[in-house]
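[1] Here is my input; please provide its structure:
(chains A and B)
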Amino acid sequence: MPQNLFVYSEKKPKSFSMSVLTLVSTKNGQPTKGGLEAASYGVALSKQLNSEAVAVVSGDLQDGSSLGDTGIGRILKFPSPLTDSGQWAKLAEHAAKLVGATAVVTSHDHFGKAIAPRVAVRLGAGMVSGVTQLPQENAVEKNVFSGKASAQVEVTAPIAVYSVTPNAFGVRSEGGTAQIETIEVEVGQAKEHITSFEPASADGQVPLPEAELVVSAGRGLKGPENWGIVEELARALGATTACSRPVSDIGWRPHHEHVGQTGITIRPNLYIAAGISGAIQHLAGVNQSKTIVVINTDPEAPFFKAADYGIVGDAFEVLPKLTAAVKALD
Amino acid sequence: MKFLVCISQAPDTTSRIAFTNGDSEFDSNGVQYIVNPYDEWYALVRAIELKEANGGSVTTITVGDANCDPIIRKALAIGADDAFRIDAKPTDALQVARLIADHAEKNGYDVVLCGKETIDHNGAIVPAMIAEMLDCGFVANATHLEVTGTTAKLKREAAGGEETIELECPFVLSAAKGMAEQRIPNMRGIMSARTKPLQVEQAEAPAQTRVQRFALPPEKGACHMIDAENAAELVRLLREEAKVI
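    Below is the predicted model of the structure:
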């Protein structure tokens, strides 16, 4: 083995024969939020399995402080940035074998959905996607039937691959520091070439799948010209705006705002729905939200059955009042 | 251009969700099955549109027993040319991906299209597994697909924006909203679907996961109603009781 292949730190606090490997996506030199959530899950799982918590990143990672803070002790860094899912899978397979991983963890977003299944194939592992909590008694829970049920899934292979639902496990601070080691592996040619990136919105909103707070509206708003009151409440809260399917279908709002069965599935801490009746297809996309607020003129709207807080009233009157009350908070 | 579209059956969105056999299996009693919406509305329709524009063929593949035949006929009615059904009980993503990849390898396709996930298991695993088994490029949650010659241009929603990705055939994608619009089969399509070829193949592959049991979520407590005049009270509750803002 060539000497420059791996640079190990001088002292190792504890030696493990097994590990949990987290695949961490980065953006602008930092781990993504999904990556940090996956790392937190990986750290918690490594404690459960009495294993070492290791992360692997490609290319652009400026420093390991945020990953170290989650409790990751060791970061394997591939020198150049990889965006190709096949190349990433080869890197992850190599890293997993290097550290003796019995579990591989990543985020259940566009990064993990492209890479984790490939890694599972390469490792002959069993994969469970969209997990929300740690495994217990040889099974891990995941939501199924679009949030209408959950399943306890057992991995029958020696290695497990888990992808963690965004905004489910959270980023945990353990206050540690991580050693960064360079890892070299032949990953072959890239097949997928990213030729351009277009930011979705200029106003700096958090992307919907990652948003902790979401303000959403439907046909009850009567027209696209009335969305100002929705956007003002979202701005006051620091929330992301969303909409129901009919509203995106008739072009009042862009498609990427559509949450529901056929649009985006979200799991924010707070989902405020104004002028949305709550069809079952809409609920399927939002029913995993931790707190749901429904504002509707119709007291019989089915959405109230799924809500934590409800206001029977006109969105045109209620939303500005909420905005004012939010602004009045210290 | 040969397109392969992976079609799964799924319980209709409005189905009552219940379980049987010690909560280890979905209770299909009285359940109406549909083509998994992402497979149908986005993957299948886009493949048919591209075939109509540039020529080629659209083949569907399904892993499942003969109960799947009605939804396969629906895909044929919408415009697929022929269909394969792998006669095995789907139990696990790795197993399903292996069965589809083996078929694809044997028959050779330029583009393999899947829906972004099924609405029952919400896995989103099979598409990328097929790509790995076929050693080809992959795009998850693609919202746009154009093919010129053997080069494809796709778009996908990535964190905070939209990425454009180019790749060469053959490749695999999973389709999300934006890829195409739902198509209602017309009477001619429904009639011709009856005679289009549906070939059944026997195959087996191992699984690496097993569902031990299903559970329904705990009943949601009653909704706390707040007077419309007192919206500020809601904001107080969100901060002090729900602790979300």
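[2] Please name the residues that touch A:Val57.
    Residues in contact with A:Val57 (CB atoms under 8 Å, 6 or more residues apart in numbering or on different chains) are A:24, A:26, A:31, A:67, A:75-78. C-beta here means a position set from N, CA and C on the backbone, and glycine is covered the same way.
[3] Point out the ones among the residues you listed that are inside strands.
    A:26, A:31, A:75-78 (DSSP state E).
[4] tell me the secondary structure for B:Gln199?
    Under DSSP: H, G, I helix; E, B strand; the rest coil, B:Gln199 falls in the strand class.
[5] Go ahead and confirm it touches B:Asp87.
    No: at 10.3 Å, B:Gln199 and B:Asp87 do not qualify as touching, with contact defined as CB atoms under 8 Å.
[6] and these two? which has more neighbours close in?
    Between B:Gln199 and B:Asp87, counting by other CB atoms under 10 Å in any protein chain shown, B:Asp87 is the more crowded of the two (16 against 11).
[7] Contacts only, for that one.
    For B:Asp87, counting by CB under 8 Å, 6+ apart, the contacting residues are B:64-66, B:200-203.
[8] Check the spacing between it and B:Cys68 real quick.
    9 Å (CB to CB, to the nearest Å).
[9] try B:Glu25
    For B:Glu25 relative to B:Cys68 (CB to CB), the value is 17 Å.
[10] picking that back up, in the ones in strands among the contacts of A:Val57, which residue is surrounded by the most others?
    Neighbour-wise, those (other CB under 10 Å) top out at A:Pro31, 26 neighbours.
[11] Show me the beta-bridge partners of that residue.
    Residues in a beta bridge with A:Pro31, per DSSP bridges, are A:Thr26.
[12] show me the contacts for it.
    A:24-25, A:39, A:57, A:61, A:66-67.
[13] all helices of chain B, in order?
    With DSSP state H as the criterion, chain B has helices at B:37, B:45-54, B:69-78, B:93-107, B:126-133, B:187-193, B:231-240.
[14] Now mean pLDDT, distance to chain A and mean neighbour count too, for these, in TSV please.
    Below are the helices of chain B laid out as TSV (pLDDT from 0 to 100; distance: least, CB to the nearest CB, whole Å; neighbours: other CB atoms under 10 Å in any protein chain shown):
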stretch	mean pLDDT	distance to chain A	mean neighbour count
helix B:37	95	6	20
helix B:45-54	97	13	18
helix B:69-78	98	16	21
helix B:93-107	98	6	21
helix B:126-133	98	4	28
helix B:187-193	96	22	13
helix B:231-240	94	4	18
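[15] now for these, which one comes closest to A:Ile264?
    Closest of these to A:Ile264 is helix B:37, at 13.9 Å (criterion: CB to CB).
[16] Walk me through the domains of chain A.
    If you go by automatic domain parsing, the domain ranges for chain A are A:19-182, A:208-327.
[17] Output the ones you listed in a markdown table, with mean pLDDT appended to each entry.
    As requested, the domains of chain A are exported to a markdown table (pLDDT from 0 to 100):
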| stretch | mean pLDDT |
| --- | --- |
| domain A:19-182 | 95 |
| domain A:208-327 | 95 |
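[18] List just the one of these that sits closest to B:Leu238.
    Here domain A:208-327 is closest among the domains of chain A (CB to CB), at 6.6 Å.
[19] who touches A:Ala157 in this structure?
    A:124-126, B:208-209.
[20] now do 10 Å
    Taking CB atoms under 10 Å, 6 or more residues apart in numbering or on different chains, we find A:Ala157 in contact with A:120, A:123-127, B:94, B:206-209.
[21] Restrict the residues you listed to the buried ones and give me that as a ChimeraX selection.
    The ChimeraX command for the buried members of those (criterion: 16 or more other CB atoms under 10 Å in any protein chain shown) is given here:
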select /A:120,123,125,126,127 /B:94,207,208,209
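[22] these two touch, right, A:Val54 and A:Lys77?
    No: at 11.4 Å, A:Val54 does not count as touching A:Lys77 under the criterion of CB atoms under 10 Å.
[23] closest one to A:Ile276 among the helices of chain B?
    Nearest to A:Ile276, of the helices of chain B and by CB to CB, is helix B:231-240 at 16.6 Å.
[24] Which parts of the stretch 151-300 of chain A are strands?
    Using DSSP state E, counting those that start in this stretch, the strands of the stretch 151-300 of chain A run over residues A:160-164, A:179-182, A:193-199, A:213-217, A:240-243, A:270-274, A:291-296.
[25] Highest mean neighbour count out of those?
    Of all the strands of the stretch 151-300 of chain A, strand A:160-164 has the most neighbours on average by mean count of other CB atoms under 10 Å in any protein chain shown, namely a mean of 30.
[26] Any chance of the backbone angles for the residue of the stretch 201-330 of chain A at minimum distance from chain B?
    The stretch 201-330 of chain A approaches chain B most closely through A:Gly313 (2.9 Å), counting by CB to the nearest CB. Here is the backbone geometry of A:Gly313 (degrees, to the nearest 10): phi 180, psi 170.
[27] show me what contacts B:Asp69?
    Neighbouring residues of B:Asp69 by CB under 10 Å, 6+ apart: B:9, B:62, B:83, B:85, B:198, B:200.
[28] now swap in A:Phe16 and tell me
    Counted by CB under 10 Å, 6+ apart, A:Phe16 has contacts A:46, A:49-54, A:73-74, A:99-100.
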